[in-house]
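A.B. asks: give the three-dimensional model of this entry:
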Amino acid sequence: MLFTQEHEELRRTVQSVVKKEINPNIEQWEAAPPFPAHTLFKKLGDLGLLGISKPLQYGGMGLDYSYNLVAAEEFGRAECGGVPLAIGVQTDMATPALARFGTEALCKEFLVPAIQGEMVASIAVSEPGAGSDVANIKTRAKPEGDDYVINGSKMWITNSTQADWYCLLANTSDEAKHKNKSLILVPRDASGISLSPPLNKLGMRSSDTAEVFFENVRVPRRYLIGAEGQGFMIQMMQFQEERMWGAANAIGGLQSVINATIEYTKEREAFGQKIIDNQVVHYRLAELQTELESLRALVYSTCEQYINGGNPQQLLQLASMCKLKAGRLAREITDSCLQYWGGMGFMWDNLVTRSYRDSRLASIGGGADEIMLGIICKTMDILPGKK
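C.D. replies: Modelled structure (predicted):
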């Protein structure tokens, strides 16, 4: 992918925000979560960073997805995973469907302030019994006159305690499970919504995550995103950008881990020589960098096909491969690099240790590795028992 001067200017803008507004606060936000989403998002919104690929008519920049990719990669250089994750939820998980399929009135009411950073958005899909198995969700939005009445719960919801609205996937009919779902925008202040205490997570400590309960929550049917019964299909489309964003974000973070490990092993000595002078160490770091460049090439190639209107089936395959490779490589790089930090690698606040914890989510959230493998097999026409 060839980046223009505009791409590089955007890259420098995000780098500056990460350096000045995010990294100086990471230790505080990790120790006393959550980070203040409304405060940070307003700063990002003022710079246009929450609407890079969103339509001009709603306050976005109207740029193609390659610019989003650049921003995702640079946000990945933040010294934790929780804050970039929350930003990605706002830009690439909760708002793409609204921008593409929402009515003008709905976009003006909710998308515009989300782009401006005046509202925090959250995507509410996963449930206690339906994580990667999206089709098995039980939350129901029953049509009742001009309203939907929503009952159910959503689990592991990022941004949930600070959100102003949720992009909710719910069953709206008794049709087959791939045809009975709809995406509905649900304001956080709607009567009947309650939250669990913040969930105690392995990583992503600075972001807020909770279970969200809906008890006879009534919202207008005009808050429907797209057509009724098309929610599963629309959410699968929304997952495409989420998976590309996540893979690009991982590239920035993993590059930081490798760079920090090189610097540390240049300084630390054992048995009379620098750690990095051991051939097994510098060869391994070279191997990890090569693997990271392979992921970068895959992500960039996928993005190019996406913005140029590539074959949908091939894009589905490639985006799934990006997600799979990013999650597995994150585990490999952080584990290998942590080893070279020795005892310091076992300390809680170490950058590499934090990345080791935070990046583990990449192989679970947004579709587990096994789901990605199933999608890839389907697109290759090699599912067992299928001809």
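A.B. asks: switch to C-alpha atoms for all contacts and neighbour counts from now on
C.D. replies: OK.
A.B. asks: and the contacts of the lowest-mean-pLDDT helix or strand in the chain?
C.D. replies: When the helices and strands of the chain are compared on mean pLDDT, DSSP states H and E, strand 269-270 comes out lowest with a mean of 94. Residues outside strand 269-270 that contact it (Cα atoms under 8 Å, 6 or more residues apart in numbering) are I275.
A.B. asks: distance from it to the middle of the chain?
C.D. replies: Offset of strand 269-270 from its chain centre (Cα atoms, centre = their mean, to the nearest Å): 39 Å.
A.B. asks: distance of K108 from A190?
C.D. replies: According to Cα to Cα, to the nearest Å, K108 stands 19 Å off from A190.
A.B. asks: equivalent analysis for H7, please.
C.D. replies: Taking Cα to Cα as the measure, H7 and A190 are separated by 40 Å.
A.B. asks: and if you look at P220?
C.D. replies: Counting by Cα to Cα, the gap from P220 to A190 is 11 Å.
A.B. asks: just the endpoints, please. Distance across stretch 121-137?
C.D. replies: The first and final residues of stretch 121-137 sit 21 Å from each other (Cα to Cα).
A.B. asks: any buried residues in that stretch, and which?
C.D. replies: By neighbour count, with 16 or more other Cα atoms under 10 Å as the criterion, the buried positions of stretch 121-137 are 121-127, 131-132, 134-135, 137.
A.B. asks: confidence score at the residue nearest in space to the middle of the chain?
C.D. replies: Centroid-nearest residue in the chain, with Cα atoms, centre = their mean: G88, separated by 4.5 Å. Here the pLDDT value assigned to G88 is 98.
A.B. asks: do you have the helices of the stretch 201-350 of the chain handy? List them.
C.D. replies: For the stretch 201-350 of the chain, the helices defined by DSSP state H, counting those that start in this stretch cover 231-267, 279-307, 312-340.
A.B. asks: the more surrounded of H7 and A190?
C.D. replies: Looking at H7 and A190 with other Cα atoms under 10 Å, you find the greater number of neighbours at H7, namely 17 against 14.
A.B. asks: kindly list the main-chain dihedrals of G203?
C.D. replies: Here the main-chain torsion angles of G203 (degrees, to the nearest 10) amount to phi -140, psi -160.
A.B. asks: and if you look at I22?
C.D. replies: Backbone geometry at I22, expressed as degrees, to the nearest 10, gives phi -110, psi -60.
A.B. asks: so the closest residue to it other than its chain neighbours, which state does it fall into?
C.D. replies: Among residues not flanking I22 along the chain, A78 sits closest, at 6.8 Å (Cα to Cα, 6 or more residues apart in numbering). Secondary structure for A78, judged by DSSP: H, G, I helix; E, B strand; the rest coil, is coil.
A.B. asks: quick one, what contacts A78?
C.D. replies: If you count contacts by Cα under 8 Å, 6+ apart, A78 has them with 18-19, 22-23, 84, 253.
A.B. asks: okay, these in CSV with pLDDT next?
C.D. replies: Compiled in CSV, the contacts of A78 are given as follows (pLDDT from 0 to 100):
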residue, pLDDT
V18, 98
K19, 98
I22, 98
N23, 98
P84, 98
G253, 98
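A.B. asks: so the residue nearest to the centre of the chain: helix, strand or coil?
C.D. replies: Assigned by three-state DSSP, the conformation of G88 is helix.
A.B. asks: show me where this structure dips below the pLDDT cut-off.
C.D. replies: For the chain, applying pLDDT under 70 flags the ranges 385-387.
A.B. asks: strands of this protein, residue ranges please.
C.D. replies: Using DSSP state E, the strands of the chain run over residues 121-124, 140-144, 147-158, 165-171, 181-187, 193-195, 209-220, 224-225, 269-270, 273-274.
A.B. asks: any idea how many residues pack against the closest residue to Y306 other than its chain neighbours?
C.D. replies: Counting by Cα to Cα, 6+ apart, the nearest residue to Y306 once its immediate chain neighbours are dropped is L315, at 6.7 Å. Taking other Cα under 10 Å as the criterion, the count of residues near L315 is 18.
A.B. asks: tell me the spacing between V299 and S182.
C.D. replies: Noted for V299: a distance of 30 Å to S182, by Cα to Cα.
A.B. asks: what of K378?
C.D. replies: Plainly put, K378 is 24 Å away from S182 if you go by Cα to Cα.
A.B. asks: equivalent analysis for E215, please.
C.D. replies: When distance is defined by Cα to Cα, E215 is 18 Å away from S182.
A.B. asks: what about those two, which has more around it?
C.D. replies: Here E215 and S182 are compared on neighbour count by other Cα under 10 Å; more neighbours surround S182, at 27 against 14.
A.B. asks: who's the more buried one bridged to?
C.D. replies: Beta-bridge pairing of S182, defined through DSSP bridges, involves A170.
A.B. asks: just checking, I193 touches V212?
C.D. replies: Yes. Judged on Cα atoms under 8 Å, I193 makes contact with V212 at a distance of 7.1 Å.
A.B. asks: what's the overlap in contacts for the two?
C.D. replies: Common contacts of I193 and V212 (Cα under 8 Å, 6+ apart): none found.
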